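*Asks:* Give me a 3D structure for the following:
(one chain, ligands or ions: 2)
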Amino acid sequence: MTTANLAQEGAERIAWAGRGMPVLNTIAARLAAGGRLHGKKVGVSLVLEPKTANLALALKQAGAQVSVYCGGSSTEARVVHALRAQGLAVFAEAGATAARDLELARDFLKTKPDILIDDGASLIRLAHREFPDLVAGMIGAAEETTSGIRPLRAMHEEGALRIPVIAVNDSRMKYLFDNVYGTGQSCVMAFLDMTNLQLAGREVLVIGYGWVGKGVAIHAAALGARITVAELDPVKALQAIHDGYAVKSVALAAPNTEVVFASTGIAGVITEDHVRKLPDGAFLCTAGGGDFELPMEYLRSLKADKDVRQGVVEYTLPGGARIRVMVDGHCINCSGGEGNPIEVMDLSLALQAIAVEELAGDAAPKAPGLYPISDAAERDVALIRLGHEGGVIEPMTEKLATAIRSW
Ligand SMILES: NC(=O)c1ccc[n+]([C@@H]2O[C@H](COP(=O)([O-])OP(=O)(O)OC[C@H]3O[C@@H](n4cnc5c(N)ncnc54)[C@H](O)[C@@H]3O)[C@@H](O)[C@H]2O)c1
Ligand SMILES: N[C@@H](CCSC[C@H]1O[C@@H](n2cnc3c(=O)[nH]cnc32)[C@H](O)[C@@H]1O)C(=O)O
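*Replies:* Residues are numbered from 1 along each chain as shown. Ligands and ions are numbered 1, 2, ... in the order given. Here you go, the predicted structure:
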């Protein structure tokens, strides 16, 4: 297929996503009318697919100079071509190696974004390590996900963070929808599409019962899977029991597990020993932060069959059991599927647009640290989407307001 054809297909897919993003479209129109982004450089480092492309284009239409970065495992080539055809600087190559991704990430940072939208804090950390002058001149950043917030907090506690960061992930309008329903649906659907198997009757182990683990369990259970949860936190473990699931350690659950969804964002939650306990034919999927949740180094030292099915590598353990790893341990929804559904990314990406709007405003935070999205912005986002879904909230009356305040 020619570059022009790829760009055309990409443009059609971007337009389709845009039809389902009323919240982003509303915020985009406000941004364009406000003029705050004129002359600003905005860098977007997010999973690169049609929904993210709508955000990047909205920022450009609002007057920003936009550059885009994404790692090769979650980059859609058609979208890269479509965005380049619209004049955006795109530093992403579908299928690029880790070494090439690093070169692209450095080139992206050399565009000197004033405001950076990041996912997993990887570019914020790279900028702090290698581009101190860039960091010194930056207005700030916005972080998309839980596994980015955690290291940013650690950096701030150590006094290493040098810019204000808006914690988009920590907005209720993000984690209650994207992390739970969006990721639950897209990870389970990606597993089904990639394998052409079913989950009914299968033993599924969900490691981590935070927002993502909860969403994965809901969707897998709805399709008839039997769910076991592994958790470090006894409160969340007890919640899983109340939701109707078994709770066990990974070591105890492994011998009976057919499909694992690692949903923690923490490195090394599945060990070599855990893998050795899995039965023949078990699948390892990541729904959380990335391949670092799985013992990829150990797995890659084993005999591997890369041709069993696209996106599936079958590793043979010394005892003969075959363990199937999905998309090299990357997030199964972003690297093996189309990412989260349009409706939830409408919320998350609209919040990103609001974060950029806030950072570019006069009242923007200046001191390094993590800052929340305002309650007013959360409410705006909820009301726009709710209206689009045909929902109507209860009108607040004087009498109700008094009853709520009374003691
Ligand atoms: N694939 C996606 O599209 C997507 C979407 C949203 C978030 N995420 C990622 O998913 C991960 C989880 O996000 P979240 O919002 O659910 O976080 P969370 O903090 O709500 O949940 C993580 C849970 O994992 C548990 N945990 C940590 N280590 C564990 C271990 N060794 N064994 C068992 N449990 C353990 C924690 O106690 C916690 O309850 C993060 O990396 C986040 O960035 C991915
Ligand atoms: N950084 C990893 C995985 C994504 S982390 C998880 C974040 O990805 C976000 N995400 C999930 N699906 C999509 C999507 O389709 N488009 C853009 N971002 C997505 C989601 O908001 C979540 O917080 C990678 O490059 O593969």
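*Asks:* Flag every buried residue along stretch 244-256.
*Replies:* Of all the residues in stretch 244-256, those buried under the rule 16 or more other Cβ atoms under 10 Å are Y245, A246, V247, K248, V250, A253, A254, N256. Any C-beta I mention is one placed from the backbone N, CA and C, and that applies to glycine too.
*Asks:* what pLDDT, on average, does it get?
*Replies:* Regarding stretch 244-256, the rounded mean pLDDT is 98.
*Asks:* what residues does it touch?
*Replies:* The contact list for stretch 244-256 (Cβ atoms under 8 Å, 6 or more residues apart in numbering) reads 203, 205-207, 217, 221, 226-231, 237-238, 240-241, 269-270, 273-274, 277-279.
*Asks:* Give me the buried subset of these.
*Replies:* Neighbour counting over the contacts of stretch 244-256 (16+ other Cβ under 10 Å) leaves 203, 205-207, 217, 221, 226-231, 237, 240, 269-270, 274, 277-278 as the buried ones.
*Asks:* And the residue most central in space within the chain, how close does it get to ligand 2?
*Replies:* The residue lying closest to the centre of the chain (Cα atoms, centre = their mean) is T145, at 5.8 Å. Separation of T145 from ligand 2 (Cβ to the nearest ligand atom, to the nearest Å) stands at 3 Å.
*Asks:* Use 49 as the first number from now on
*Replies:* Renumbered: residue one is now 49, and that last one reads T193.
*Asks:* By residue count, which strand of the chain is the longest?
*Replies:* If you go by DSSP state E, the chain has its longest strand at strand 351-357.
*Asks:* That strand: partners in the sheet, and parallel or antiparallel?
*Replies:* Strand pairing for strand 351-357, using DSSP bridges, gives strand 360-364 (antiparallel).
*Asks:* what is the mean pLDDT for the helix or strand just after the partner strand?
*Replies:* Going down the chain from strand 360-364, the next helix or strand is strand 370-374, by DSSP states H and E. Strand 370-374 carries an average pLDDT of 98.
*Asks:* For the nearest residue to L105 once chain neighbours are set aside, report the pLDDT, please.
*Replies:* Nearest residue to L105 in three dimensions, chain neighbours excluded: Q134, at 6.3 Å (Cβ to Cβ, 6 or more residues apart in numbering). The confidence metric pLDDT takes the value 97 at Q134.
*Asks:* Then A403?
*Replies:* 98.
*Asks:* Go ahead and confirm it touches P212.
*Replies:* No. Proximity of A403 to P212 does not meet the contact threshold set by Cβ atoms under 8 Å, at 10.4 Å.
*Asks:* what about those two, which has more around it?
*Replies:* Shown here are A403 and P212; by other Cβ atoms under 10 Å, A403 has more neighbours (25 against 20).
*Asks:* how about the helix or strand where that one lies, does it get close to ligand 1?
*Replies:* According to DSSP H and E, A403 maps onto helix 390-407. No. Using Cβ under 6 Å from any ligand atom, helix 390-407 stays clear of ligand 1, with a minimum separation of 8.8 Å.
*Asks:* Which ones among the contacts of stretch 292-304 lie within helices?
*Replies:* Using DSSP state H, the subset of those located in helices is A265, A269, A285, L286, A288, I289, D321, H322, K325.
*Asks:* how much space is there between the third one and ligand 2?
*Replies:* Summarising the geometry, the distance separating A285 from ligand 2, computed by Cβ to the nearest ligand atom, is 23 Å.
*Asks:* Show the end-to-end separation of stretch 162-172, please.
*Replies:* The first and final residues of stretch 162-172 sit 12 Å from each other (Cα to Cα, to the nearest Å).
*Asks:* Give me the contact status of that stretch with ligand 1.
*Replies:* No. Using Cβ under 6 Å from any ligand atom, stretch 162-172 stays clear of ligand 1, coming no nearer than 6.6 Å.
*Asks:* repeat for stretch 277-284
*Replies:* Yes. Using Cβ under 6 Å from any ligand atom, we find that stretch 277-284 touches ligand 1 at A278, E279, L280, D281, K284.
*Asks:* D428 is in contact with L434, correct?
*Replies:* No. Between L434 and D428 there is no contact under Cβ under 8 Å: 10.7 Å.
*Asks:* which one of the two has more residues nearby?
*Replies:* Each of L434 and D428 has its neighbours counted (other Cβ under 10 Å); D428 has more, 18 against 13.
*Asks:* ok, now which ones touch the residue in the stretch 199-348 of the chain that ligand 2 sits nearest to?
*Replies:* Nearest residue of the stretch 199-348 of the chain to ligand 2: D226, at 4.6 Å (Cβ to the nearest ligand atom). D226 is in contact with N388, V392, M393, L395, S396, counting by Cβ under 8 Å, 6+ apart.
*Asks:* what does the stretch 149-298 of the chain put close to ligand 2?
*Replies:* So far as Cβ under 6 Å from any ligand atom goes, the stretch 149-298 of the chain lies against ligand 2 at D167, G168, E192, T193, D226.
*Asks:* Show me which residues of the stretch 49-198 of the chain are close to ligand 1?
*Replies:* Residues of the stretch 49-198 of the chain lying close to ligand 1 (Cβ under 6 Å from any ligand atom) are T193, T194, S195.
*Asks:* Can you tell me which of those end up in helices?
*Replies:* Taking DSSP H as the definition of helices, those contribute T194, S195.
*Asks:* for the residues of the stretch 49-198 of the chain next to ligand 1, which one is nearest D218?
*Replies:* When those are compared for distance to D218 (Cβ to Cβ), T194 wins out at 8.5 Å.
*Asks:* List the residues that contact that closest one.
*Replies:* Contacts of T194 by Cβ under 8 Å, 6+ apart are N217, Y223, N227, G258, W259, V260, G313, G337.
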